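K.L.:
Here is the input, now give the coordinates:
(one chain, ligands or ions: 1)
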Amino acid sequence: MKISVIGAGYVGLVTGGCLAALGHKIWCTDNDTHKLDVLESGQLPIYEPGLDAVILKAQAEGRFIVTKDPVEAITAAEAIMICVGTPPGPNGEADLSAIENVAYTIARHAQSSKLVIEKSTVPARTGQELKRALAVYGKKRGLAFRVASNPEFLREGTALLDFMHPDRIVVGVEDDETERQLREMYRPLLEQRFDCPVHPSGCPSLPPPHWMVTTISGGELIKHASNSFLALKISYANMVAELAEKLGADIDQVMRAVGMDPRIGNKFLNPGLGFGGFCLPKDVQAFIHLAGQLGVDFSMLKEAEKINKRCISRFIDKIRQALWILKGKRIAVLGLAFKPETDDIRFSTSLDLALRLAEEGAHIQAYDPEAMTKARVAAPQLNFSDSAYEAVRDAEAVIIATEWKEFRDLDWTRVRDLMARPLVLDGRNCLPAADMVSLGFDYYSVAGSHSQPAAAVEVA
Ligand code: UGA
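P.N.:
Numbering: from 1, shown residues only. Okay, here's the model as predicted:
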């Protein structure tokens, strides 16, 4: 199929690159011409493991065309994927102006009727507005557009795997022809007939995805309901962690046992600095806003947000208990991306933590394996190191803010010897507590068996 992807961010590039890997021909455009320049130079404007190879291969085979001309992208394709950003406005409502702009551009420039697919995460009812906007302009020119919702469930860091081996493919449609076209688009995944870029030697025996057909609003709702439920799970774990900390219980053990019940499941129950990134926080806000507009009480999600905000404050209290005065203290912050395997720092709780410590006067020496370029621009008030070892030199505390494997694999004896004082505060409970203690560290995690700095217990 000929498909255009409008929006060359995380969603657009993964979707476009993977659809090209399935054999489709893709036109990719964005109104940020810098991103397109980077793509044309054979690089990626984002870091996503494996994606560079997928896009380079598709470019070389002529199946991934980068164009600065949206009209070229629109006229070339039979289906158009909208992958533009929907950032939160000041009251939490999703800002859909980019979606509207794309709708008008499509309706004004298309030479024939097209299928327009919502890939960006949008609140329910957006599809109906999109249809209306396309109809207003399309009608004058005798064109009728069809709209579908096709939410993505890609996690940054493992997006290729999630695209190629999804649990489900949700399509919100209003007619059979649209469903047929979407089925055609995803046929290689449904029939498991493709050269998998994640597992080049063949896919392990993974079940094919569920094909789920729903209404456009149903598709939109499924996406917000999924992300909000994930946020609820994380906040639930963080809420129990608050109590576990007071009781001296090991939260990791508690949540492991809770998650062994298949009705609950063991994923997304890791406590720590809370959920960040460009999806969960904004989707929860937008979902609350939509429910409020329709008079439905979503206070449960508001609580999840409050618990999430408390995570950083509670962790800073712990750092203060361990260090007493923060002002002037040299602290190494390891990890700035909102989670490992990405360079994304949008709404990163790790970066927030570093900034709040800096605001309190601490001398922050920060390092992240992938997010440094973006962090240097976004947070010039921090000091940056080119390696974890450089960051920890003479530090009075090391904070694990993002659970990169690189940090687990550090030579911790060397780290200890480089530091001014062997103190580690693990905001992601990702280091082996007993090993850290036996190396001579004062090691504190979130509600773990080693969670409380001694002085704080006495004060409490
Ligand atoms: C999330 C969803 O997981 C995807 O299914 C969805 O497609 C995507 O949003 C999206 O809407 O595009 P992502 O934002 O990449 O994916 O990140 P997650 O893996 O969900 O992590 C979100 C945040 O929660 C991170 O800050 C992570 O550190 C935190 N988290 C995650 C926890 O604090 N504890 C956990 O147990 C899991």
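K.L.:
residues in contact with Pro166?
P.N.:
153, 189, 209 (CB atoms under 8 Å, 6 or more residues apart in numbering). Every C-beta, even on glycine, is put in place using the N, C-alpha and C of the backbone.
K.L.:
out of the residues you listed, which is most surrounded?
P.N.:
For those, the largest neighbour count, defined by other CB atoms under 10 Å, is 21 neighbours, found at Leu189.
K.L.:
contacting residues for Ile345?
P.N.:
For Ile345, the contacting residues are 336-338, 351, 371, 374-375, 378, by CB under 8 Å, 6+ apart.
K.L.:
let me fix that: Ala77
P.N.:
Per CB under 8 Å, 6+ apart, neighbours of Ala77: 2-4, 27, 114.
K.L.:
Disregarding residues adjacent in the polypeptide, which is nearest to it?
P.N.:
Nearest non-adjacent residue to Ala77, counting by CB to CB, 6 or more residues apart in numbering: Ser4, 3.8 Å away.
K.L.:
one step back: list the ones among the contacts of Ile345 that fall in helices.
P.N.:
Counting by DSSP state H, the contacts of Ile345 place 351, 374-375, 378 in helices.
K.L.:
Compare the residues you listed and tell me which has the most neighbours.
P.N.:
Busiest of the ones in helices among the contacts of Ile345 [other CB under 10 Å] is Leu351, holding 27 neighbours.
K.L.:
Going by residue numbers, what spans are strands in the stretch 251-400 of the chain?
P.N.:
With strands called from DSSP state E, counting those that start in this stretch, the stretch 251-400 of the chain shows them at 330-334, 363-367, 383-384, 397-400.
K.L.:
Of the ones you listed, which is nearest Ala249?
P.N.:
When the strands of the stretch 251-400 of the chain are compared by CB to CB, strand 397-400 sits nearest Ala249, at 21.0 Å.
K.L.:
The residue lying closest to Arg376 once chain neighbours are set aside and Gly89: what is the separation?
P.N.:
Leaving aside its chain neighbours, Arg376 sits nearest to Phe384 (5.9 Å; criterion: CB to CB, 6+ apart). Distance of Phe384 to Gly89, given as CB to CB, to the nearest Å: 31 Å.
K.L.:
for Gly42, same thing?
P.N.:
For Gly42, the distance to Gly89 - CB to CB - is 36 Å.
K.L.:
More neighbours: the two, which one.
P.N.:
Gly89 (15 against 11).
K.L.:
Now for that one: which residues touch it?
P.N.:
Going by CB under 8 Å, 6+ apart, Gly89 touches Asp95.
K.L.:
ok, now with 10 Å
P.N.:
By CB atoms under 10 Å, 6 or more residues apart in numbering, the residues touching Gly89 are 95-97, 282, 285-286, 289.
K.L.:
would you list these in a markdown table and tack on distance to Glu242, neighbour count and pLDDT?
P.N.:
Output for these, formatted as a markdown table (distance: CB to CB, whole Å; neighbours: other CB atoms under 10 Å; pLDDT from 0 to 100):
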| residue | distance to Glu242 | neighbour count | pLDDT |
| --- | --- | --- | --- |
| Asp95 | 33 | 15 | 91 |
| Leu96 | 36 | 20 | 92 |
| Ser97 | 39 | 13 | 93 |
| Lys282 | 24 | 22 | 94 |
| Gln285 | 22 | 20 | 95 |
| Ala286 | 26 | 26 | 94 |
| His289 | 27 | 18 | 94 |
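K.L.:
so how far is stretch 74-92 off the chain centroid?
P.N.:
How far stretch 74-92 lies from its chain's middle: 17 Å, per CA atoms, centre = their mean, to the nearest Å.
K.L.:
Quickly check: stretch 88-96 near the ligand or not.
P.N.:
No: contact of stretch 88-96 with the ligand (CB under 6 Å from any ligand atom) is absent, the minimum separation being 12.0 Å.
K.L.:
From Asp343, how far out is Gly50?
P.N.:
Distance of Gly50 to Asp343, computed by CB to CB: 14 Å.
K.L.:
quick one on the thing from earlier: and the least confident of the contacts of Ala77?
P.N.:
Ranked by pLDDT, the contacts of Ala77 bottom out at Lys114, which has 94.
K.L.:
For stretch 172-185, report the contacting residues that lie outside it.
P.N.:
By CB under 10 Å, 6+ apart, the surrounding residues in contact with stretch 172-185 are 1, 3, 19, 22, 24, 78-79, 81, 115-118, 124, 127, 131, 146-151, 169, 171, 190, 211-223.
K.L.:
low pLDDT regions in this protein?
P.N.:
Filtered on pLDDT under 70, the chain yields the residue ranges 201-203, 449, 451-452, 454-460.
K.L.:
tell me which element Gly138 falls in.
P.N.:
Element membership of Gly138, judged by DSSP states H and E, is helix 126-140.
K.L.:
Assign a three-state SS to Asn31, would you?
P.N.:
The three-state label given to Asn31 by DSSP: H, G, I helix; E, B strand; the rest coil is coil.
K.L.:
which residue sits closest to Ala304 in space, ignoring its chain neighbours?
P.N.:
Nearest one to Ala304, counting by CB to CB, 6+ apart, is Ser235 at 3.9 Å.
K.L.:
Could you do Gln285 as well?
P.N.:
Leaving out its chain neighbours, the residue that sits closest to Gln285 by CB to CB, 6+ apart is Gly92, at 3.4 Å.
K.L.:
What count of nearby residues applies to that neighbour?
P.N.:
Applying other CB under 10 Å, we find 17 residues neighbouring Gly92.
K.L.:
With the one 10 residues further on instead?
P.N.:
By the other CB under 10 Å criterion, the neighbourhood of Val102 contains 25 residues.
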